[in-house]
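**Q** Kindly generate the corresponding structure for this input.
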Amino acid sequence: MLATVAFLSLFSAEIAQPTPTPPTFNAPYDAQYRQCVQGAAMTAIAQGAPRDAALAAVANINIPNQEIITLSRAQPESSMELWDYLAMMVDDERVADGQAAFLSQREFLYDLGIRTGVDPATIVAFWGIETNYGRILGRRNVIDALATLGCTNRPRAQFFKTELVAAIKIQAQGHVDANNFIGSWAGAFGHTQFMPTTFQRLAVDANSDGRKNLIGDVQDALASTANYMVRSGWARGEKWGYEVRVPANYRGAIGRGNTRTLTTWRALGVKQANGADIPQSGASYGLIRPTGNRGPTYLVGRNYSAVYAYNPAQAYALAVNLLADRIKGGAGIVTPWPTDDPPISRAQRREIQTILQNMGYDVGAIDGILGEKTRTALNGFYRSNGLVFDGRVASKCLSTMRQFRPNGQSKN
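**A** The predicted structure follows:
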């Protein structure tokens, strides 16, 4: 609603809005689209953005970006099982990289933890889950992407138009380099992937240089993420959760909102998955069973909910918290998943891709990402060997591929 009022105020306040002027060269140009984009810039100016810088931010955005439209329409071919997602996001490789990333920022993170109360390993885990510790920041111009999503007849266009105005302000105010304002196709950016309006609410200038540069300054990004956790209710000193074993006769409520104290859970016979007792504590935790009565079960507290607020998906919240535990040296998940085909890591996915490539199949980049080329190659391989590919790429698929590995080919 506030964004709508701000846009209408361009006219009621008689703020001069320049008439879009088409380029003089033969570049593609959409007058209606350009008017919407320039209107967003004028809204940003009305909200305090420097005029020249705001107009410069949209100077060359004249037509919708068709790649962004295609990506916004894309639907995953199949849903990923929770255990496959966690195996990919919390594998040994990401843990080791997270421990190295932690050490690279150790003094800063310790100080951040003392000041905010937020667990430093959790902040690093966000970094790892969101951008693989800054390796994958995105490659699309954020203003171009948000203009496409906000100024065309796309779902949630008003939401994206509000984000567009915020992005223009961020660039115009100098928080990001104009030639490096890159992020995801949906407009998230930086080492821990903030949307522009989230940036406006919660971004932090960690080094006091006058800029909140979430792309070019990792400490700004980490401090901003800690601030997000504080604002989401992070409880200093509390564990996010415990993997547990629940008595077979338990018939009580489940769900992170149905809380009891740890002392009460202990009295009900709930133990940690490794057999240890749950601590005596008045802190409140809820019971979740991500895969039903089979598979790992957790007691989750306020800090789990703080992480959940960052991206409201159970799989995401578990990934961040489990990765944080493992970065600190924890053992990971104890209870087996309810599957006879256990998940595999990114390294094992790359092994499958390498085997296929050495057999002459085109899998694209050897990156551990099961894209269209890899799946097409697997279909071709299975079919040519009289096998049926059920679409699942896990331990059974890896075992099959190893059996057919060309002589002399290494596992890695």
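
**Q** Ramachandran angles for the closest residue to Ala253 other than its chain neighbours?
**A** Spatial nearest neighbour of Ala253, chain neighbours left out: Leu287 (7.6 Å); criterion: CB to CB, 6 or more residues apart in numbering. (C-beta placed from N, C-alpha, C; glycine too.) With angles defined as degrees, to the nearest 10, Leu287 sits at phi -100, psi 130.

**Q** Quick check, Leu287 in contact with Leu262.
**A** No. Assessed by CB atoms under 8 Å, Leu287 is found out of contact with Leu262, at 11.5 Å.

**Q** Need the overlap of contacts for these two.
**A** The overlap between the contact sets of Leu287 and Leu262 (CB atoms under 8 Å, 6 or more residues apart in numbering) consists of Leu299.

**Q** hmm, back to that, count residues in the vicinity of the residue nearest to Ala253, would you?
**A** By other CB atoms under 10 Å, the residues close to Leu287 number 23.

**Q** show me what contacts it?
**A** For Leu287, the contacting residues are 244, 246, 252-255, 258, 265, 270, 297-300, by CB under 8 Å, 6+ apart.

**Q** Does it have any beta-bridge partners, and if so which?
**A** Gly255, Leu299 (DSSP bridges).

**Q** Could you check the pLDDT of it?
**A** Leu287 carries a pLDDT score of 98 in this model.

**Q** Ala226 too?
**A** The score at Ala226 is 98. That number is its pLDDT.

**Q** where does it fall, helix, sheet strand or coil?
**A** Three-state call for Ala226 (DSSP: H, G, I helix; E, B strand; the rest coil): helix.

**Q** for it, what are its contacts?
**A** Leu112, Gly113, Thr116, Val118, Ile123, Val204.

**Q** bridging residues for the residue lying closest to Gly183 once chain neighbours are set aside?
**A** Sequence neighbours aside, Phe189 is the residue nearest to Gly183 in space, at 3.1 Å (criterion: CB to CB, 6+ apart). Taking DSSP bridges, one obtains Gly183, Phe194 as the residues bridged to Phe189.

**Q** What's the local residue count around Phe189?
**A** Neighbours of Phe189 (other CB under 10 Å): 28.

**Q** pretty sure it contacts Asn180?
**A** No. Using CB under 8 Å, Phe189 makes no contact with Asn180, being 9.9 Å away.

**Q** quick one: common contacting residues for those two?
**A** By CB under 8 Å, 6+ apart, the residues touching both Phe189 and Asn180 are Ile215.

**Q** what sits against the most centrally placed residue in the chain?
**A** With distances taken as CA atoms, centre = their mean, Glu130 lies nearest the centre of the chain, 3.9 Å away. Applying CB under 8 Å, 6+ apart, we find Glu130 in contact with His191, Thr192, Gln193.

**Q** How much space separates the second one from Ile344?
**A** Using CB to CB, to the nearest Å, we find Thr192 at a distance of 27 Å from Ile344.

**Q** quick one: which of these two has more around it?
**A** More neighbours surround Thr192 than the other of Thr192 and Ile344, with 24 against 21 (other CB under 10 Å).

**Q** How about the contacts made by Arg236?
**A** Arg236 makes contacts with Gly117, Val118, as judged by CB under 8 Å, 6+ apart.

**Q** From what I see, Arg289 and Thr297 are in contact.
**A** Yes. The pair Arg289 / Thr297 is scored as a contact, 5.0 Å apart, by CB under 8 Å.

**Q** and these two? which has more neighbours close in?
**A** Using other CB under 10 Å, the more surrounded residue of Arg289 and Thr297 is Thr297, with 22 against 14.

**Q** got the contact list for the more buried one?
**A** Neighbouring residues of Thr297 by CB under 8 Å, 6+ apart: Glu243, Val244, Arg245, Val246, Ala273, Leu287, Ile288, Arg289, Thr335.

**Q** repeat that for 6 Å
**A** Each residue near Thr297 by CB atoms under 6 Å, 6 or more residues apart in numbering is listed here: Val244, Val246, Arg289.

**Q** just curious, which of the residues you listed is nearest to Met42?
**A** Taking CB to CB as the measure, Met42 sits nearest to Arg289 out of those, at 51.2 Å.

**Q** List the buried residues in the strand or helix carrying Ala221.
**A** Taking DSSP states H and E as the definition, Ala221 sits inside helix 218-231. For helix 218-231, a neighbour-count test (16 or more other CB atoms under 10 Å) marks 218-230 as buried.

**Q** and if you look at stretch 59-69?
**A** Quick answer for stretch 59-69 (16+ other CB under 10 Å): Ile61, Asn62, Ile63, Pro64, Asn65, Ile68.
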